[in-house]
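Trainee: pasting the structure only:
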């Protein structure tokens, strides 16, 4: 039906106009402004040449990598377990594990404060046990905890969906050939779940690199890139640097997600 | 029933621990919002005083967030469904590239998108200070979820056969669109709508930069309260937020179970 092409274009047009006016145009403007500061487009290199920015880039990437690793291990163990073992209460556990799915970053920051803040549960328990209060919410450790909290629910869902499609016969075959439990996990389950791990891991990574709400709730002094951008923009009014840094930040997360999508061959998108 | 090995109990213990990690702080904060003095504990008594304080001080943020979420839903429905239909009808390299582009606002951090909007439209006074500025950001961020969700359903059904059937009976495009296409993708529209409303209600990364003192949304108010008010008030505010998104979350959970 060739004649319907104009109609399809017409249907696509509203979204297209909106998207061009409020995303493509602003982003190109952001790119131009990033190069309009005193240093011109060299501002884009500042993220590696400036020692402070480079340090925050490294700590951001390290935090994101640690978050991704921890989330995949936790969700891998619990996700496969919940998918494979049927026991009373299974559905309740799944519901509880996925309940925080849509909590925004600010609320997750507050959850970390409830656990590890000045009046937090962990501090209270430690005080009773050892006589010393442990408070780590307002630091990189707290941020790490928050990002794991954010990422576990969605990653567990992905792992469970992938584990469901995994053929149990493969594991039985491996076992009947004398493979130990660890060998089955290493040679059958982990390779089978690899696409899910890649796509879920990329989302964890991108979220931890670009998210802002949790860090904002915990402390403005945590040295991660989104906080640096925010400080440059609001406190220093250094719009060109903020623009350049956020453009680089956007490019990093987009590349990570695009690479993961190519590797895993499925839809990957960050959230929150 | 077969006997469970040590491995089973180990995994169960681990999973219960993860559950506690996720759920305990939720309960703690709900409790804190209703306790007279959190430091003393529940013995200090229960009160609705903090909820009342939040209601009198931050009521506007709740209504604004609801309004923006509904407007955002309307916007994504109007922009997203026709776009998803067009993308589903012509699965070419071109439309895939368009789909890829449309998803970008989700991949790019909200902070960058918000800065881009501010440097481009920040000088447009009336727009910058109105709630529609926040709405614009929210639509950008949530539109991909609506398009993806509807597109998934449209790709799963035999759209062309359905439409040809209707066309052969004399239905024009408008009739086909409203009486054949839309009813067939209602599960996708519903799932997308729930996602859009939930995300819009909780959006903070962009909103924090886009808001003005007169256009504070619920998460912006939350950040305010966490930073400057006592723990009990922050908790009471969080409690209100939980009560608002709980029905949405439960509906979303039910839908994912249904789809799986």
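Mentor: Perfect, thanks for sending it. Note that the structure is predicted; figures quoted are calculated from it, not measured.

Trainee: ok, residue A:168 - how many residues close by?
Mentor: For residue A:168, the tally of surrounding residues (other CB atoms under 10 Å in any protein chain shown) stands at 10. Yep, even glycine has a C-beta here, placed from its N, CA and C like the rest.

Trainee: Quick check: nearest residue in space to it, chain neighbours excluded?
Mentor: If the residues on either side of it in the chain are set aside, residue A:168 comes closest to residue A:84, at 7.9 Å by CB to CB, 6 or more residues apart in numbering or on different chains.

Trainee: what's the burial count for the one you found?
Mentor: 16.

Trainee: Now do it against residue A:201, distance only.
Mentor: From residue A:84 over to residue A:201 the distance is 21 Å, taken as CB to CB, to the nearest Å.

Trainee: Which residue ranges of the chain form helices?
Mentor: Because you didn't say which chain, this covers chain A. Under the criterion DSSP state H, helices of chain A are mapped to A:5-19, A:25-34, A:46-49, A:51-84, A:90-98, A:105-116, A:121-130, A:140-165, A:168-176, A:181-184, A:190-210, A:213-218, A:225-234, A:239-264.

Trainee: My question was about chain B, not that one.
Mentor: Using DSSP H, the helices of chain B run over B:6-34, B:49-89, B:93-107, B:110-121, B:125-128, B:131-156, B:159-168, B:173-176, B:182-184, B:186-202, B:207-210, B:218-228, B:231-259.

Trainee: Pipe those helices into TSV and attach mean neighbour count and distance to residue A:99 per row.
Mentor: Formatted as TSV, those follow (neighbours: other CB atoms under 10 Å in any protein chain shown; distance: least, CB to CB, whole Å):
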stretch	mean neighbour count	distance to residue A:99
helix B:6-34	17	7
helix B:49-89	20	20
helix B:93-107	18	22
helix B:110-121	26	23
helix B:125-128	12	37
helix B:131-156	23	19
helix B:159-168	14	35
helix B:173-176	13	40
helix B:182-184	13	31
helix B:186-202	22	13
helix B:207-210	25	23
helix B:218-228	21	18
helix B:231-259	19	7
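
Trainee: any chance of these in a markdown table, with mean pLDDT too?
Mentor: Listed next are the helices of chain B as a markdown table, based on pLDDT from 0 to 100:
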| stretch | mean pLDDT |
| --- | --- |
| helix B:6-34 | 91 |
| helix B:49-89 | 91 |
| helix B:93-107 | 85 |
| helix B:110-121 | 89 |
| helix B:125-128 | 81 |
| helix B:131-156 | 92 |
| helix B:159-168 | 88 |
| helix B:173-176 | 88 |
| helix B:182-184 | 89 |
| helix B:186-202 | 90 |
| helix B:207-210 | 90 |
| helix B:218-228 | 88 |
| helix B:231-259 | 82 |
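
Trainee: For the residue lying closest to residue B:55 once chain neighbours are set aside, which residues are in contact?
Mentor: Nearest residue to residue B:55, sequence neighbours excluded (CB to CB, 6+ apart): residue B:240, at 7.8 Å. Applying CB atoms under 8 Å, 6 or more residues apart in numbering or on different chains to residue B:240 gives the contacts B:51, B:54, B:55, B:62.

Trainee: before we move on, the earlier item: surely the residue nearest to residue A:168 meets residue A:163?
Mentor: Yes. Shown here, residue A:84 and residue A:163 form a contact pair, counting by CB atoms under 8 Å, at 6.9 Å.

Trainee: how close does residue A:110 sit to residue B:12?
Mentor: Distance, residue A:110 to residue B:12, by CB to CB: 29 Å.

Trainee: whoops, residue A:141 was the one
Mentor: Counting by CB to CB, the gap from residue A:141 to residue B:12 is 27 Å.

Trainee: What of residue B:225?
Mentor: Separation of residue B:225 from residue B:12 (CB to CB): 38 Å.

Trainee: The residue nearest to residue B:212 when sequence neighbours are not counted: what's it in contact with?
Mentor: Take residue B:212 and drop its neighbours on the chain: the residue closest to it by CB to CB, 6+ apart is residue B:129, 5.2 Å away. Taking CB under 8 Å, 6+ apart, we find residue B:129 in contact with B:212, B:214, B:215.

Trainee: What of residue A:139?
Mentor: Listed by CB under 8 Å, 6+ apart, the contact partners of residue A:139 are A:218, A:219, A:222.

Trainee: Distance of the first one relative to chain B?
Mentor: As for residue A:218, its distance to chain B is 9 Å (criterion: CB to the nearest CB, to the nearest Å).

Trainee: What's the local residue count around that residue?
Mentor: 28.

Trainee: tell me which residues of stretch A:42-57 are tucked away?
Mentor: Going by neighbour count (16 or more other CB atoms under 10 Å in any protein chain shown), the buried part of stretch A:42-57 is A:43, A:44, A:46, A:47, A:50, A:53, A:56, A:57.

Trainee: Any idea how far it is from the middle of the chain?
Mentor: Put simply, stretch A:42-57 sits 22 Å off its chain's centre (CA atoms, centre = their mean, to the nearest Å).

Trainee: Need the mean per-residue confidence for it.
Mentor: In this model, stretch A:42-57 has a mean pLDDT of 86.

Trainee: Find the nearest non-adjacent residue to the closest residue to chain B within the stretch 101-250 of chain A, please.
Mentor: For the stretch 101-250 of chain A, the residue positioned closest to chain B under CB to the nearest CB is residue A:210, at a distance of 2.9 Å. Of all residues not flanking residue A:210 in the chain, residue B:109 sits nearest, at 2.9 Å (CB to CB, 6+ apart).

Trainee: That neighbour against residue A:225, yeah?
Mentor: No. Judged on CB under 8 Å, residue B:109 makes no contact with residue A:225 at a distance of 9.1 Å.

Trainee: what residues do those two have in common as contacts?
Mentor: In terms of CB under 8 Å, 6+ apart, residue B:109 and residue A:225 are both contacted by the residues A:209, A:249.

Trainee: circling back to that earlier point, and the residue of the stretch 101-250 of chain A closest to chain B, how many neighbours?
Mentor: Burial of residue A:210 is recorded as 29 neighbouring residues (other CB under 10 Å).

Trainee: ok, the closest residue to chain A within the stretch 51-200 of chain B - contacts?
Mentor: Closest contact between the stretch 51-200 of chain B and chain A, by CB to the nearest CB, is at residue B:109 (2.9 Å). Neighbour list for residue B:109: A:209, A:210, A:211, A:212, A:226, A:246, A:249, A:250, A:253, B:205 [criterion: CB under 8 Å, 6+ apart].

Trainee: try residue A:116
Mentor: By CB under 8 Å, 6+ apart, the contact set of residue A:116 is A:122, A:123, A:134, A:135, A:136, A:137, A:141, A:142, A:145.

Trainee: Quick check: residues of the stretch 51-200 of chain B near chain A?
Mentor: Residues of the stretch 51-200 of chain B found near chain A (CB under 8 Å from any CB of the partner chain) are B:78-80, B:82-83, B:85-87, B:89-90, B:98, B:101-113, B:115-117, B:119-121, B:136, B:139-140, B:143-144, B:147-148, B:173, B:198-199.

Trainee: go again using 6 Å as the cut-off
Mentor: B:79, B:82-83, B:85-86, B:89, B:103, B:105-109, B:111-112, B:115-117, B:119-120, B:136, B:140, B:198 (CB under 6 Å from any CB of the partner chain).

Trainee: thought residue B:206 was touching residue B:112?
Mentor: No. Applying CB atoms under 6 Å, one finds residue B:206 not in contact with residue B:112, separated by 9.2 Å.

Trainee: nearest residue to residue B:194 other than its sequence neighbours?
Mentor: Of all residues not flanking residue B:194 in the chain, residue B:252 sits nearest, at 5.0 Å (CB to CB, 6+ apart).

Trainee: Kind regards, and thank you for your time.
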